[in-house]
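K.L.:
Compute the structure for the input listed below.
(2 chains)
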Amino acid sequence: MPGPTPVPAAGPVPAAGLRADGWGWRHAGRSSWAVRGLDLVIEPGERVLLLGASGAGKSTLMQAFAGVLGGVDEGDEEGSLLVDGVAPAGQRGRVGLLMQDPDSQVVLARVGDDVAFGCENLGVPRADIWPRVAAALDAVGLDLPLDHPTSELSGGQKQRVALAGVIAMQPGVVLLDEPTANLDPGGVIEVRDAVADVVRSSHATFVVIEHRVDIWLDVVDRVVVLAPGGGVLADGVPSVVLRDRGAELARDGVWVPGHDPLEGRPARGGEPASGRVAAPDSGAVAEAIGPDSSPPRVRATDAADAPVPVSTGLLAAHGLVVERVPGSPVAGGIDLTLRAGRALAITGANGAGKTTLALTLAGLIPRAGGTLAASAVLAAGLGRPRHDGAARRRRQQQRELRERERERVRRGDTPVGAAGIGASSPDQRLDPFEWRSGDLLTRMGMVFQDPEHQFVTGSVRGELEVSLRALRLPQQQIDERVAEVAGRLRLDGLLKANPYTLSGGEKRRLSVASALVARPRILVLDEPTFGQDSRTWAELVRLLAEQLDRGTAIVAVTHDQAFIDALADDEFVVGATAVLAPGAGRGGVAE
Amino acid sequence: MSVLTPARGPQSIYSINPVAKLAASLALSALLLVTIDWVSAAVALVLESVLFFWAGLSPGQFFRRTAAIWIAAPLAGLTTLLYGVSAGQTYLQFWLIHISDGSIALAVATVLRILAIGLPAVVLFATIDPTDLADGLAQVWHLPSRFVLGALAGLRLIGLFLQDWRQLELARRARGLGDTGRIRRFANQAFALLVISIRRGSKLATAMEARGFGGDVVRSWARPSPFGRREWLLIAIGLVIGVVALVAAVLAGSLNFVIG
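P.N.:
Just a heads-up that it's a prediction; the model follows:
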């Protein structure tokens, strides 16, 4: 990365001050205020880290300062909010705002045009725009041609392009609303470094919201903690605030350096699950899935509910080849076994095919080669195979592949057998991709990276019930299971809410809950801890540990080392084709 | 490379203002729609074929891009041949089918006309970059920048729709909803896509607003959208081809007004 380049004219542009006096905002249609009674002064040129429990209205405040909160029909406002002593709406361009989702930060199709977009809106003369664009791209350390398509950027690069677009506007304040929440650890560092460079060379006021304190500690000189519901809880020099309020902040979900979200208790082993299950429902849980579920009930899902001894093999892959686009495999030669009560972490570089592997294991996309087979325990009670368009297309493809393979062998070329392309499992029926959706449900739970993609109904209760209805469970049982999971994941107060209106942490909890409610034997999770606050993180880890104790097998695609340390029994590095014991280094093969 | 960032080539056709391409294509179509006869269409098609050499597309690209038109034109022609207004000698009659001198002439005229209007339109549009088109519409035709840029930014979301759709499909299977009827599943999934798209759209709108979009300031344009001699020349070519085709039809006595 090139050294910090001063953005031209960053000097002459004076930093802006921010001020809130008894300010409050209530979104239209809500009964409670997002922020209320807030008094805050941020002096020009300050670098502030804004903390607070999720739901403390941090994002709302940022959007209000940026003047994009909307007018009277969007909500009720009280008190006053000023940028340089003027209402934010009249201050377009003085305030730059960068938000979370990289996909909706980029506006135009080419990098240069996108960075220029803000300048155009401010009416900057054409002759001045392009030097600003070049300087801004340089400042965020992006060395890309101006006509580079924005669709080909990584998440971290998209955020840097968006940041360049913000600083090209030469704002007096730069507001960053969790700019790294949707990025992998590499992207987080990339964006943090770009911001640090910009901060060093600019005079602008900086305010960043983030629950991972350690990322920004070197960049900021003041920490403000907002109280949920309004007001300031703590305010001062980072070291002092963290010393005095560290424990409290950690409890609220802020990642405070030196505070273990699990509070020193190992997530796994020792404690029986019942000790951690939410009290009122724990009896029902034990009755339904515990080893002593006495009166044998007669219903289809019984077989799937019965516990199995830890380490029983459930699903085995041999020489598995995975692909997203037919004909272009992304990873091959994969050998692994998913076992009851054991957690496997899938790691590896970006683009190595981790998500593709997870989707293949979960029976959602067809494998490209090798075998993937359920054990007798997992396959017990399987209905007839699926017979839809996807399955038919897949069978057709396999026939063609086998034909081609035979042709190659006949010609005496090196058989691709090593990669296993075209080989089929001994019994096609054991491949989860061949199962009907209903059979998949009690065997494989999938938690997608983006929870929103998983939502299929208009309410939290609906989300939790939908799979149980697909299983045709009696209403009483549905109610029991929903109450248990909702209580366990603190969703019981939100059952009527629309899933899309939940906070990031709540969405994640709901997506996990809606997979768990069907009690799958294997739970597959794709980056479950991305952007989560430490409280949600710890809850997730404990919940998954409980599932392991109950005999569920867990597979998690993850970049999160703390998550791996807390839960994983084995680690599979995609691209390295070996299962490692976590922490055993790259040499130790555990299986 | 995608629809949003199409290939750029060295030929001058790539740098001609998209608005001029739009205008030329509209002018030509308007003139060719005055009459339906084979002479005018054939003349226009011959003149255009010469120009296709400068269109900036290789023969392979040309036929790939225009494949739909090569398929649609004969089909439309066949329909006209079988069911068109009969006149003159009848060659075949079966139920509603009626092949006569009149329907044959009309069929030939239809095929040629679809090619004469469709081919140049596709060829001209193939080299249009949406960003340049937006620049042209706003700077040359002075359409409101709010709508033009809003549409341009929205266009970028289309690529994301496809990804979202695939994800929704997988999620439905994972949630046990993959066994229900195809139509119901499709409707349900389409609604989910709509919800996700609207949310994405509103997030994008906020991001655009945060960068000063939609303010009171008069917007400047980072990219010039020149409209000069080359652009007028292209429009003139479109007009000349249309006029020559019409004059030829008048001289040949084949003029056949569509209206009237």
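
K.L.:
Who's the closest spatial neighbour of residue B:136, skipping the chain neighbours?
P.N.:
residue B:19 (3.6 Å; CB to CB, 6 or more residues apart in numbering or on different chains). For every residue, glycine as well, the C-beta is placed using N, CA and C.

K.L.:
Please enumerate the helices of the stretch 151-260 of chain B.
P.N.:
B:157-174, B:182-210, B:229-252 (DSSP state H, counting those that start in this stretch).

K.L.:
And the last one, what does it pack against?
P.N.:
Which is helix B:229-252. Packed against helix B:229-252 by the contact rule (3 or more CB pairs under 8 Å, 6 or more residues apart in numbering or on different chains; DSSP states H and E) you find helix B:18-32, helix B:38-51.

K.L.:
Format those as a markdown table; extra columns: mean pLDDT and distance to residue A:374.
P.N.:
Output for the helices and strands packed on helix B:229-252, formatted as a markdown table (pLDDT from 0 to 100; distance: least, CB to CB, whole Å):
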| stretch | mean pLDDT | distance to residue A:374 |
| --- | --- | --- |
| helix B:18-32 | 92 | 56 |
| helix B:38-51 | 89 | 62 |
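
K.L.:
now those helices in a markdown table, with distance to residue B:139 and mean neighbour count?
P.N.:
Putting the helices and strands packed on helix B:229-252 into a markdown table (distance: least, CB to CB, whole Å; neighbours: other CB atoms under 10 Å in any protein chain shown) gives the following:
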| stretch | distance to residue B:139 | mean neighbour count |
| --- | --- | --- |
| helix B:18-32 | 9 | 21 |
| helix B:38-51 | 26 | 20 |
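
K.L.:
Which one of the ones you listed lies nearest to residue B:84?
P.N.:
In terms of CB to CB, the element of the helices and strands packed on helix B:229-252 nearest to residue B:84 is helix B:38-51, at 13.0 Å.

K.L.:
next helix or strand past that closest one?
P.N.:
helix B:59-65 (DSSP states H and E).

K.L.:
ok and the residue in the stretch 51-200 of chain B nearest chain A?
P.N.:
Residue of the stretch 51-200 of chain B nearest chain A, by CB to the nearest CB: residue B:178 (2.9 Å).

K.L.:
Could you find the closest non-adjacent residue to that residue?
P.N.:
The shortest distance from residue B:178 to any non-neighbouring residue, by CB to CB, 6+ apart, is to residue A:437 (2.9 Å).

K.L.:
quick one: which helix or strand includes the closest residue to residue A:19 other than its chain neighbours?
P.N.:
In this structure, residue A:19 finds its nearest non-sequential neighbour in residue A:82, 4.5 Å apart by CB to CB, 6+ apart. Assessed by DSSP H and E, residue A:82 sits inside strand A:75-83.

K.L.:
Give me the buried positions along that strand.
P.N.:
A:75, A:77, A:81, A:82, A:83 (16 or more other CB atoms under 10 Å in any protein chain shown).

K.L.:
can you pull the alpha-carbon coordinates of that strand into PDB?
P.N.:
In PDB, the C-alpha atoms belonging to strand A:75-83 read as follows (Å, rounded to 0.1, in the frame of the first residue of the first chain):
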ATOM      1  CA  GLY A  75     -40.600   9.500  11.800                       C
ATOM      2  CA  ASP A  76     -40.900  12.000  14.700                       C
ATOM      3  CA  GLU A  77     -38.100  14.200  15.800                       C
ATOM      4  CA  GLU A  78     -37.500  16.100  19.000                       C
ATOM      5  CA  GLY A  79     -34.700  18.400  20.200                       C
ATOM      6  CA  SER A  80     -32.100  19.600  17.700                       C
ATOM      7  CA  LEU A  81     -29.200  18.200  15.700                       C
ATOM      8  CA  LEU A  82     -26.600  20.500  14.200                       C
ATOM      9  CA  VAL A  83     -23.700  20.100  11.800                       C
END
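
K.L.:
Heading C-terminal from that strand, find the next helix or strand.
P.N.:
That would be, after strand A:75-83 and using DSSP H and E, strand A:95-98.

K.L.:
Would you mind pulling up the elements that that following strand packs against?
P.N.:
On the basis of 3+ CB pairs under 8 Å, 6+ apart, strand A:95-98 makes packing contacts with helix A:58-65, helix A:155-168, strand A:173-177.

K.L.:
Go again with 10 Å.
P.N.:
Packing contacts for strand A:95-98, counted by 3 or more CB pairs under 10 Å, 6 or more residues apart in numbering or on different chains; DSSP states H and E, involve helix A:58-65, helix A:155-168, strand A:173-177, strand A:205-209, helix B:182-210.

K.L.:
Output the contacting helices and strands for the very next helix or strand once past that strand.
P.N.:
Once strand A:95-98 ends, the next helix or strand along the chain (criterion: DSSP H and E) is helix A:111-121. With contacts defined as 3+ CB pairs under 10 Å, 6+ apart, helix A:111-121 has these neighbours: helix A:126-139, helix A:155-168, helix B:130-139, helix B:145-155, helix B:182-210.

K.L.:
Need those helices in JSON lines (columns: mean neighbour count).
P.N.:
Formatted as JSON lines, the helices and strands packed on helix A:111-121 follow (neighbours: other CB atoms under 10 Å in any protein chain shown):
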{"stretch": "helix A:126-139", "mean neighbour count": "19"}
{"stretch": "helix A:155-168", "mean neighbour count": "27"}
{"stretch": "helix B:130-139", "mean neighbour count": "22"}
{"stretch": "helix B:145-155", "mean neighbour count": "18"}
{"stretch": "helix B:182-210", "mean neighbour count": "16"}
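
K.L.:
Low-confidence stretches in the chain?
P.N.:
Went with chain A since none was named. Where chain A drops to pLDDT under 70, the residues are A:1-12, A:55, A:269-307, A:412-427, A:576-591.

K.L.:
wait, I meant chain B there
P.N.:
Using pLDDT under 70, chain B drops low at B:1-11, B:259-260.

K.L.:
Many thanks, we can stop here.
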